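# my questions concern the predicted model and sequence given below.
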Amino acid sequence: MKFSKFGQKFIQPTGISQLMDDLGDALKSDEPVNMLGGGNPARIDAVNELFLETYQVLGNDGSFNNSDETNSTATSSMANYSNPQGDAAFIDALVGFFNRHYDWNLTSENIALTNGSQNAFFYLFNLFGGAFVKEKDSEEQTIDKSILLPLAPEYIGYSDVHVEGQHFMAVLPHIDEVTHDGEEGFFKYRVDFEALENLPALKEGRIGAICCSRPTNPTGNVLTDEEMAHLAEIAKRYDVPLIIDNAYGMPFPNIIYSDVTLNWDDNTILCFSLSKIGLPGVRTGIIVAAPEVIEAVSAMNAVVNLSPTRFGASIATPLMKNDAIKDLSDNDIKPFYQQQAKTAVALLKNELGDYPLSIHKPEGAIFLWLWFKDLPISTSELYEILKEKGTLIVPSEYFFPGIDVSDYKHAHECIRMSIAADEDTLEKGIAVIGEVVRGLYDKAK
């Protein structure tokens, strides 16, 4: 078979395809695998019980909260298309939810749904990155614009979403040694605003949008309110949108431990997901943006998907209306991961306390980011060794879109480790990591 240039791009090996393939293979394996890679959320009893109860009510065509209003049933959600913008009842529920909690004065024109947040970023990065046509002196000129990532490392799934080429520019972080819960052995990434402000691409109009995740996947870093305000000011100054990936953030699933606020204006594009509250299989992403962005996303939905899936929207609509989704996030999901992070840190310190391990300060999300300073091999090689021993993690080099990592040593010394597994899997997986890493350092002495 001969594929087009478009097809050739997507059949090349990528970090995200390798990750998903390995996760799929692990699930099919007859041998036990310590699943510390991937982004699948944990199975939390309170979460599963609420979703099952909601699904059963939908399946029975029942109504919620003893009201006269009957919500979309499971049958209707699967038997009918929505319009390309997404399920109208869920969008209305989201408008009410965000206005109730944040007073953003949204309308239904400010929200579109997608088939997961990965789908959303495919749309957004191709809307704002790539070839732009502008008129100058009555002639059309083409300018190539990039998506600016103000803090690398960033999410592995961003890297290959552009239809043609890769259009990312990123800024390496300041790395500060910090304490956490009174302990040494932690660090934190901070935005290098001096380097960011001096990027020629910004001044030359070669940036189409600024994007960051908060909390950051892979590191769990949470940009401060001051950093976010500074990024918003830069975006407005250069007339580009600020895109915020809120897949792990406020108000749902609210896996964020810092005391921060969430803001929105018509130059901000907020992206949410139902995945990390425990519904990754329903593939439901949410975009909050200015109406012109929502119109563009809806038009892309029509071409790519006809319409977004309605099943996740049907489950989440009543939970958004009665704030159950926020209560679940605040009282069950966030505390669960905060405790998981403490458990994992203690296990890692026990295994590697006398070795050159530094952990990014756990501030949110469902991962720990581990830095093995001066590791004798790259973490890509470490990944292969651990995989052979039945433990999956993700090596760091895939998390630097927009950066040439060939000469950046730090990008080859870190791993992302999920903390969503049960405690037994965490113990076994971290024990394997500890044994292998200790052996590597000891052999190099």
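That came through, no problem.
# packing partners of the strand or helix carrying Ala89?
For Ala89, the host element (DSSP states H and E) is helix 88-102. Contacts defined by 3 or more Cβ pairs under 8 Å, 6 or more residues apart in numbering; DSSP states H and E place helix 88-102 against strand 111-114, strand 285-288, helix 311-321, helix 324-328. All C-beta atoms are positioned from the backbone trio N, CA, C, and that covers glycine.
# winner for burial among these?
strand 111-114 (a mean of 28; mean count of other Cβ atoms under 10 Å).
# quick one: contacts of the next helix-or-strand element following it?
Following strand 111-114 in sequence order, the next helix or strand is helix 117-128 (DSSP H and E). The contact list for helix 117-128 (Cβ atoms under 8 Å, 6 or more residues apart in numbering) reads 114, 145, 147, 157-158, 161-163, 167, 208-209, 211, 240-241, 243, 245, 247, 269, 271-273, 275, 283, 285-287, 293, 296-297, 300, 304-305.
# buried members of those into PyMOL, please.
Of these, the buried ones can be selected in PyMOL as follows, counting by 16 or more other Cβ atoms under 10 Å:
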select buried, resi 114+145+147+157+158+161+162+167+208+209+211+240+241+243+245+247+269+271+272+273+275+283+285+286+287+293+296+297+300
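# tell me who's in contact with Ile244.
Counting by Cβ under 8 Å, 6+ apart, Ile244 touches 211-214, 228, 268-271.
# same deal with Ile111?
Contacts were defined as Cβ under 8 Å, 6+ apart; by that measure Ile111 touches 85-86, 91, 94-95, 286-288, 294.
# contacts only, for Lys349.
With contacts defined as Cβ under 8 Å, 6+ apart, the neighbours of Lys349 are 183, 185.
# list the buried residues in the top strand by length along the chain.
Looking across the chain with DSSP state E, the single longest strand is strand 139-149. Neighbour counts over strand 139-149 (16+ other Cβ under 10 Å) mark 145-149 as buried.
# can you tell me which of these is nearest Asn48?
Leu149 (34.5 Å; Cβ to Cβ).
# so the closest one is in contact with Thr216, correct?
No. Leu149 is beyond contact range of Thr216, at 10.2 Å (criterion: Cβ atoms under 8 Å).
# contacts for the top helix by length along the chain, please.
In the chain, taking DSSP state H as the definition, the longest helix is helix 423-444. Contacts to helix 423-444, defined as Cβ under 8 Å, 6+ apart, come from residues 34-36, 340, 343-344, 347-348, 350-352, 355-357, 372, 375-377, 382, 385-386, 389-391, 393, 417, 419, 421.
# picking up where we left off before, redo the contacts of Ile244 as TSV? Include secondary structure.
Output for the contacts of Ile244, formatted as TSV (DSSP: H, G, I helix; E, B strand; the rest coil):
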residue	secondary structure
Cys211	strand
Cys212	strand
Ser213	strand
Arg214	coil
Met228	helix
Thr268	strand
Ile269	strand
Leu270	strand
Cys271	strand
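# quick one on the thing from earlier: any chance of CSV for the contacts of Ile111, columns pLDDT and distance to Ile366?
Formatted as CSV, the contacts of Ile111 follow (pLDDT from 0 to 100; distance: Cβ to Cβ, whole Å):
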residue, pLDDT, distance to Ile366
Gln85, 97, 30
Gly86, 96, 26
Ile91, 97, 27
Leu94, 98, 23
Val95, 98, 28
Ile286, 98, 19
Ile287, 98, 22
Val288, 98, 22
Ile294, 98, 29
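# may I have the longest helix of the chain exported as PDB, CA atoms only?
Taking C-alpha atoms only, helix 423-444 is exported to PDB below (Å, rounded to 0.1, in the frame of the first residue of the first chain):
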ATOM      1  CA  GLU A 423      -0.900   0.000  46.600                       C
ATOM      2  CA  ASP A 424       0.300  -3.600  45.900                       C
ATOM      3  CA  THR A 425       1.200  -2.700  42.300                       C
ATOM      4  CA  LEU A 426       2.900   0.500  43.500                       C
ATOM      5  CA  GLU A 427       5.000  -1.500  46.000                       C
ATOM      6  CA  LYS A 428       6.000  -4.100  43.500                       C
ATOM      7  CA  GLY A 429       6.700  -1.700  40.600                       C
ATOM      8  CA  ILE A 430       8.700   0.700  42.700                       C
ATOM      9  CA  ALA A 431      10.700  -2.200  44.100                       C
ATOM     10  CA  VAL A 432      11.600  -3.200  40.600                       C
ATOM     11  CA  ILE A 433      12.600   0.300  39.700                       C
ATOM     12  CA  GLY A 434      14.700   0.500  42.800                       C
ATOM     13  CA  GLU A 435      16.500  -2.700  42.200                       C
ATOM     14  CA  VAL A 436      17.300  -1.800  38.600                       C
ATOM     15  CA  VAL A 437      18.400   1.700  39.200                       C
ATOM     16  CA  ARG A 438      20.500   0.800  42.200                       C
ATOM     17  CA  GLY A 439      22.300  -1.800  40.100                       C
ATOM     18  CA  LEU A 440      23.000   0.800  37.400                       C
ATOM     19  CA  TYR A 441      24.500   3.300  39.700                       C
ATOM     20  CA  ASP A 442      26.500   0.600  41.700                       C
ATOM     21  CA  LYS A 443      27.900  -0.900  38.500                       C
ATOM     22  CA  ALA A 444      29.100   2.600  37.300                       C
END
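# what mean pLDDT does that helix have?
The average pLDDT within helix 423-444 is 96.
# how about it: buried residues?
425-430, 432-434, 437, 440-441.
# ok, now how distant is Asp266 from Glu292?
Separation of Asp266 from Glu292 (Cβ to Cβ, to the nearest Å): 9 Å.
# more crowded one of the two?
Using other Cβ atoms under 10 Å as the criterion, Asp266 and Glu292 rank with Asp266 on top: 13 against 10.
# leaving out the residues flanking it, which one is nearest to the more buried one?
Using Cβ to Cβ, 6 or more residues apart in numbering and skipping the chain neighbours, the partner closest in space to Asp266 is Ala290 (4.3 Å).
# contacting residues for the one you found?
For Ala290, the contact set (Cβ under 8 Å, 6+ apart) comprises 110, 266-267.
# would you list the residues you listed in CSV and tack on pLDDT?
Shown next, in CSV, are the contacts of Ala290 (pLDDT from 0 to 100):
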residue, pLDDT
Asn110, 98
Asp266, 96
Asn267, 98
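# columns distance to Leu50 on top of these, output as a markdown table?
As requested, the contacts of Ala290 are exported to a markdown table (distance: Cβ to Cβ, whole Å):
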| residue | distance to Leu50 |
| --- | --- |
| Asn110 | 27 |
| Asp266 | 34 |
| Asn267 | 35 |
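# quick one: which of these is nearest Asn254?
Using Cβ to Cβ, the contacts of Ala290 come closest to Asn254 at Asn110, 21.1 Å.
# quick one: the strands in the stretch 151-300 of the chain?
Counting by DSSP state E, counting those that start in this stretch, one finds strands in the stretch 151-300 of the chain at the ranges 168-170, 174-180, 183-190, 207-213, 242-245, 268-273, 285-288.
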